[in-house]
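> My questions concern the predicted model and sequence given below.
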Amino acid sequence: MNAPPKGSWRLLLTHIRPQKWKLALGGLLGFVGGMAGLAEPLLAKSVIDTFQAGGSMVGPILVLTVLVLVGAVLGALGAYVLERTAETIVLSARLRLVSRMLRLRVPDVDRLKPGDLLSRVTADSTLLRAVCTSGVTEAITASFMLIGCIALMAYMDAALLGVTLIVLVVVGGITAVVMPRISRATTEAQTALGEMGATLDRSLQAFRTVKAAGAEQRETDAVRGVARKAWRKGVTAAGWTALAGTSTWLAVQLSFLAVLGVGGMRVASGSLEVSSLIAFLLYLFYLTGPISQLVNGATQLQTGLAAIARLREIEDLPAEPVAPVESTSPKNTAPAAVTLRDVHFQYGDDRSPALNGVSFTAPAGGMTALVGPSGAGKSTVFALLERFYEPNEGAIDLDGRPLTEMPMSELRAALGYVEQDAPVLAGTLRDNLLFANPGAGEDEIADVLTRTQLNDLVARLPEGLETAVGHRGQMLSGGERQRVAIARALLRKPRLLLLDEATSQLDAVNELRLRDVIEEVAGTTTVLVIAHRLSTVTTADRIVVMEAGQVRAVGSHAELLDQDDLYRELATTQFLTNAEAMAPAGDKQAKAVQTGG
Ligand SMILES: Nc1ncnc2c1ncn2[C@@H]1O[C@H](COP(=O)(O)OP(=O)(O)OP(=O)(O)O)[C@@H](O)[C@H]1O
């Protein structure tokens, strides 16, 4: 990336525009403060002239002192206003990103890594701060100062200014060459930082697995590897930045020597006053400030634009529509029928089809079970029902209405979704229950706790509903987690409950409880369950057998046992082991051969 893409500038302006007056005020204060400093050499010249003429120096020195103080105060005030405004710009960028992040579409998030996303909100957005202060405002102020300074130098002595400018043009050239390199190194450093976040996030998400697999060192090495990569890129950027800074310093020193030489000769020849030479030299040193501010500003701008480019990648992604404020009219809670008509879907152009012409109906009320070998496309059906993805062909209707014609919020409000894994979030049990319906009352909570047979769990927990359940709910058993997730989904009063049964073994008690809970729920709402248990399939009103992205049979347990070979095979291998698990003396070996999925 040699030049930041055009869109990055536009996005930068989007962030800056709302704060433009505050930035202008900060810049103005800094500028006025700087102007006070600019007048100092002129006054110093008059002090020297007065001294040489034998007049009183009290007046000029007093004015000089006041000017220094006013300059300092205004400069500090300007810096504060700028920094404060820059913080506000960082905040607004973060708020924009955060509110967009959770509205991104599932297929886009599938591609992105959570740790990298995190690093964009935290690390990359921070870089905006510098771009708004040094990058934009200070650079503009510094340009004015530079122009003012050069004008005054021209007024003092045009020949000496000529000498100075030659050296400055050389610095400008060096800076122009260095800047794109800083930009590239910064982008790479930020990308590496994002990679580090993603790698670390992966390990933390699977913390127990990492330990159990004895992979601490390997994972640590992986994170250290990307940390070092970020360091290398950071060091490269630092090197170029140092070169830019040093060339500035060197330019001023060289100008100083050149002006001292040329000016000295002119003083000796009597064509220049000593006081003018001193004032000119003071201006020359004064020039260091604006020039290094400009170089620093350009550096920060490159850094900021690199960060902005990463923020833009998120901002450019399409988002799902924002849910409107919940209407006050009572929510339709009647069980809904769902129909899939010749649905085709593939996760990407390079993937083989996950669904290949799937058609079936789950009538309103009652339970429909989806069964089939792993990879048959069962979870994909759920993902399409939630409109996490859109079918490539075919249609899905809810109560005869195509999903695409329903507002997303209405559709999702009508569905309850219990994921197969990690259905519980960090927080208290109450937080978890209220997650999908924060407005639910105590009586509603009590009701779902009874329906999902969680009362004894609540009684057993040290702080009841207020007990923290740990990151991803580790403090609960698998069966409890699943029932908590069902309770949460029920509190939302869904018209259709999508339940992806965990494939892991539940003990006999929990399996029976789950069966009873599903059966009870199916009495009041439509339940579509991806079933891995005999107890679930035998109680289902209808069973849809899927294989390789297609529906191969639909019927009752008895019908399918009789008519469908695959179902019979599943029943005798997969489901049967669950049945054995229900037996009081659960045969551990039988459990072990359960195929899952
Ligand atoms: N997010 C995804 N991106 C790409 N491919 C996917 C994704 N999710 C699933 N697939 C693929 O789509 C196919 C169907 O997967 P799906 O999860 O629907 O199967 P399933 O029947 O639910 O299996 P299981 O019972 O093991 O969960 C599989 O080949 C799988 O590899």
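Received, thanks. Numbers count the residues shown, from 1 in each chain.

> just for the stretch 101-250 of the chain, where's the confidence low?
Applying pLDDT under 70 to the stretch 101-250 of the chain flags the ranges 134.

> Helices of the stretch 151-300 of the chain, residue ranges please.
Counting by DSSP state H, counting those that start in this stretch, the segments of the stretch 151-300 of the chain that form helices are 158-205, 207-212, 216-268, 274-315.

> Relative to the ligand, which of the ones you listed is closest?
In terms of Cβ to the nearest ligand atom, the element of the helices of the stretch 151-300 of the chain nearest to the ligand is helix 158-205, at 16.3 Å. C-betas here are computed from N, CA, C, even on glycine.

> interface residues of this structure facing the ligand?
Within the chain, the positions adjacent to the ligand are 110, 347, 351, 354, 372, 374-380, 597 by Cβ under 6 Å from any ligand atom.

> Where does the prediction get shaky in the chain?
Applying pLDDT under 70 to the chain flags the ranges 1-7, 134, 323-330, 422, 472-473, 502-507, 576-597.

> residue closest to the middle of it?
When Cα atoms, centre = their mean is applied to the chain, the residue found nearest the centroid is residue 117 (3.6 Å).

> measure stretch 560-568 end to end?
End-to-end span of stretch 560-568 (Cα to Cα, to the nearest Å): 7 Å.

> ok, now how distant is residue 312 from residue 347?
Remark: distance between residue 312 and residue 347 (Cβ to Cβ, to the nearest Å) = 26 Å.

> Tell me which of the two has more neighbours.
Set side by side, residue 312 and residue 347 show more neighbours around residue 312, with 20 against 14, by other Cβ atoms under 10 Å.

> isn't the more buried one right next to residue 14, touching?
No: between residue 312 and residue 14 there is no contact under Cβ atoms under 8 Å: 9.9 Å.

> Can you get me a residue count around the residue nearest to residue 170 when sequence neighbours are not counted?
With sequence-adjacent residues excluded and distances taken as Cβ to Cβ, 6 or more residues apart in numbering, residue 170 is closest to residue 251, at 6.6 Å. Residue 251 has 24 neighbours, counted by other Cβ under 10 Å.

> Let me see the contact set for residue 251.
167-168, 170-171, 291 (Cβ atoms under 8 Å, 6 or more residues apart in numbering).

> residues in contact with residue 258?
Contact analysis of residue 258 by Cβ under 8 Å, 6+ apart lists 163-164, 167.

> Just the element for the residue of the stretch 1-150 of the chain found nearest the ligand, please.
Going by Cβ to the nearest ligand atom, the ligand is nearest to residue 110 of the stretch 1-150 of the chain, at 5.0 Å. According to DSSP states H and E, residue 110 maps onto helix 106-111.

> Need the residues that contact that helix.
Outside helix 106-111, the residues that touch it by Cβ under 8 Å, 6+ apart are 117, 317-318, 347, 383, 388-389.

> In whichever helix or strand comes after it, which of the residues would be classed as buried?
Downstream of helix 106-111, the next assigned helix or strand under DSSP H and E is helix 114-119. Going by neighbour count (16 or more other Cβ atoms under 10 Å), the buried part of helix 114-119 is 115-119.

> List of residues touching helix 114-119?
Helix 114-119 is contacted from outside by 101, 109, 190, 193-202, 205, 314, using Cβ under 8 Å, 6+ apart.

> Report the two of the residues of the chain next to the ligand separated the most.
110 and 372 (22.6 Å; Cβ to Cβ).

> between the two, which one's more packed in?
Each of residue 110 and residue 372 has its neighbours counted (other Cβ under 10 Å); residue 372 has more, 26 against 11.

> so what's the more buried one up against?
Applying Cβ under 8 Å, 6+ apart, the residues near residue 372 are 378, 545-547, 552, 566, 570.

> helix, strand or coil for residue 438?
Under the three-state scheme (DSSP: H, G, I helix; E, B strand; the rest coil), residue 438 adopts coil.

> Could you give the backbone dihedrals for it?
Dihedral angles of residue 438 (phi, psi; degrees, to the nearest 10) stand at phi -60, psi -20.

> For it, grab the count of nearby residues.
When neighbours are counted by other Cβ under 10 Å, residue 438 registers 9.

> Can you tell me how far it is from the ligand?
Using Cβ to the nearest ligand atom, to the nearest Å, residue 438 is found at 29 Å from the ligand.

> quick one: the helices in the stretch 1-150 of the chain?
Taking DSSP H, counting those that start in this stretch to define them, one finds helices in the stretch 1-150 of the chain at 6-16, 20-53, 58-101, 106-111, 114-119, 125-130, 139-156.

> Pick the most buried one from those.
With neighbours taken as mean count of other Cβ atoms under 10 Å, the helices of the stretch 1-150 of the chain reach their highest mean count in helix 125-130, at a mean of 22.

> thinking again about what came up before, which of the contacts of residue 258 lies closest to residue 358?
Distances from residue 358 to the contacts of residue 258, taken by Cβ to Cβ, are shortest for residue 167, at 74.6 Å.

> so what's the closest one closest to, chain neighbours aside?
residue 255 (4.5 Å).

> now swap in residue 308 and tell me
Spatial nearest neighbour of residue 308, chain neighbours left out: residue 8 (4.6 Å); criterion: Cβ to Cβ, 6+ apart.

> give me every residue that touches that neighbour.
If you count contacts by Cβ under 8 Å, 6+ apart, residue 8 has them with 305, 308-309, 312.

> redo that, cut-off 6 Å
Residues near residue 8 by Cβ atoms under 6 Å, 6 or more residues apart in numbering: 305, 308-309.

> I'd like to know which of those residues is nearest to residue 216.
Distance to residue 216 across those (Cβ to Cβ) is lowest for residue 309, with 34.6 Å.

> Tell me how far the closest one lies from residue 128.
In terms of Cβ to Cβ, residue 309 sits 12 Å off from residue 128.

> ok, now residue 217?
As judged by Cβ to Cβ, residue 217 and residue 128 stand 37 Å apart.

> and what of residue 45?
42 Å.
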